[in-house]
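# Task: produce atomic coordinates for the following.
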Amino acid sequence: MNFNLDTVTAFISLYGLKLIAAVLIFYIGRIVAKILTNFSKKAMRKANLDETIIRFGGNVIYGGLMVFIILAALSKLGINTNSFIAILGAAGLAVGLAFQGTLSNLGAGVLLVFFRPFNVGDFINGAGESGVVEEINLFSTLLKTGDNKQIIIPNSSIIGGNITNFSAKETRRVDFVFGIGYDDDLKLAKTTLEEIINADDRVLKEPAAFVAVSELADSSVNFVVRAWAKSEDYWGVHFDTIEKVKLSFDEKNISIPYPQMDVHQDK
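Have a look, this model is predicted:
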C-alpha cells in the first residue's frame with residue numbers, strides 16, 4: 001500500500017498540533033484549577049468557615065473546573081462536546097434520582113454547618129435521640145450517649161425535626177416537685193426546701209430560687225421548687241437536691257406520700 005507523503009505530513013501537522021494543544025490545555029488547566037482551588041480554600045479559611053465546608057467547597061470547585069478543562073481539551077481536538085454535555089446532564093439526573101436520600105443528607109449537613117443549631121461538644125436531643133455531639137460530617141451527625149454508645153443519625157432526620165440544644169445557654173432551670181402529707185407541718189417543709197436550695201453553692205442567686213405550694217393533690221400537698229444553675233451543674237444539682245430533701249424530711253419527720261393499695265380478702 002502506497003502512502004502519499006504529503007498527505008501523511010499534512011495529517012500529522014494538523015492533528016499532531018491539535019493533540020499537543022489539547023494536552024497542554026489539560027496539563028496547564030489542571031495546574032490552574034489547583035491554584036484556584038487552593039486560593040478559594042484560603043479565602044474560606046480567612047472567613048472562618050468550618051473545615052468541613054472548606055473541604056467540600058474545594059472539591060466542588062476543583063471538580064467543576066476539571067470538567068470545563070476536559071471539555072475544552074476535547075473541543076480542541078475537534079470533538080463535538082455537545083453530546084458529552086448531554087450525557088453528563090443525563091448522568092447527573094440519574095445519579096440525583098438514585099441518591100436522593102444521600103443528597104438530602106448532604107444538603108442537610110451543609111445547613112447544619114452553616115446555621116450552627118449546635119456545635120461539637122453540645123448535649124442535644126435530635127431525631128428522638130439524646131447525646132453529646134461528637135462529629136458533624138456531610139452526611140450524618142454522631143452522638144455519644146451517657147452510657148458511652150455512639151448513635152449515627154442522618155443529617156436529614158435531624159434538620160427535619162425539632163432540635164433541643166441543652167448546652168446552648170450558660171444557665172438552666174432545675175425543676176422539682178416534692179409532696180408532703182396533709183398532716184405534716186407545711187411551713188416547716190417549705191423552710192426546709194428553701195434551706196436546702198440556698199445552701200447549695202451551685203444554685204445561682206440571680207434569678208432567685210422559687211419555692212411554693214403548687215397543688216393540693218389527692219394524697220399529698222405538692223411543692224414546686226425552681227432553681228437556676230450553670231448548664232454543666234444541672235444534673236449535679238438535680239440528683240443531690242433529691243437526696244438531700246429525702247434525708248432532711250426523714251430527719252424532721254416530714255412524710256413523703258407514696259401510692260398505696262389496700263387489698264381486702266374475703267374469709
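# what's in contact with stretch 209-223?
By CB atoms under 8 Å, 6 or more residues apart in numbering, the residues outside stretch 209-223 that reach it are 176-182, 184, 186, 189-190, 193-194, 197-198, 203, 224-228, 256-257, 259. Every C-beta, even on glycine, is put in place using the N, C-alpha and C of the backbone.
# switch to 10 Å and redo it
Here stretch 209-223 makes contact (CB atoms under 10 Å, 6 or more residues apart in numbering) with 173-184, 186, 189-198, 200, 203, 224-229, 245, 255-260.
# for stretch 29-36, same thing?
Stretch 29-36 has contacts (CB under 10 Å, 6+ apart) with 58, 61-70, 72-73.
# mind listing what's buried in that stretch?
By neighbour count with 16 or more other CB atoms under 10 Å, stretch 29-36 contains the buried residues 29, 33.
# those strands in the stretch 51-200 of the chain, which residues are they?
All strands of the stretch 51-200 of the chain, identified by DSSP state E, counting those that start in this stretch, fall at 123-126, 129-136, 140-144, 150-154, 163-165, 171-180.
# Neighbouring strands - and their directions - for the second one?
Counting by DSSP bridges, the strands paired with strand 129-136 are strand 123-126 (antiparallel), strand 140-144 (antiparallel).
# got the angle between it and strand 150-154?
80 degrees (axes from the mean of the first three to the mean of the last three CA atoms, to 10 degrees).
# Distance from the chain centre to strand 129-136, please.
Its chain's C-alpha centre and that of strand 129-136 lie 7 Å apart, by CA atoms, centre = their mean, to the nearest Å.
# what's the weakest-modelled helix or strand in the protein?
One helix or strand of the chain scores below all others by mean pLDDT, DSSP states H and E: helix 82-98, with a mean of 57.
# just to revisit the earlier point, may I ask which of the contacts of stretch 29-36 has the most neighbours?
A73 (21 neighbours; other CB atoms under 10 Å).
# Can you name the residues bridging to G126?
Beta-bridge partners for G126, by DSSP bridges, are E129, I163.
# Number of residues surrounding it?
Neighbour number of G126 under other CB under 10 Å is 25.
# S75 now?
Neighbours around S75, by other CB under 10 Å: 15.
# and if you look at M44?
18.
# Could you do the one 4 residues further on as well?
Burial of N48 is recorded as 6 neighbouring residues (other CB under 10 Å).
# quick one: it from R116, how far?
With distances taken as CB to CB, to the nearest Å, N48 is found 12 Å from R116.
# Check P154 too.
Look at P154 and R116: by CB to CB, they are 19 Å apart.
# In terms of neighbours, single out the busier of these two.
P154 (18 against 13).
# is that one in a bridge, and if so with what?
S140.
# Does it touch L112 like I think?
No - at 11.3 Å, P154 does not count as touching L112 under the criterion of CB atoms under 10 Å.
# Just the ones in helices from the contacts of stretch 29-36, please.
58, 61-70, 72-73 (DSSP state H).
# And those, which is closest to A22?
Checking those against A22 by CB to CB gives A73 as the nearest, at 4.3 Å.
# Read off the pLDDT value for the closest one.
pLDDT for A73: 78.
# Can you name the residues that contact it?
Residues near A73 by CB under 10 Å, 6+ apart: 18-19, 21-27, 29, 79, 81.
# would you turn these into TSV with pLDDT?
Rendered in TSV, the data for the contacts of A73 read as follows (pLDDT from 0 to 100):
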residue	pLDDT
K18	74
L19	77
A21	79
A22	79
V23	83
L24	86
I25	85
F26	85
Y27	88
G29	86
I79	68
T81	62
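# neighbours around L111, how many?
There are 15 residues near L111, going by other CB under 10 Å.
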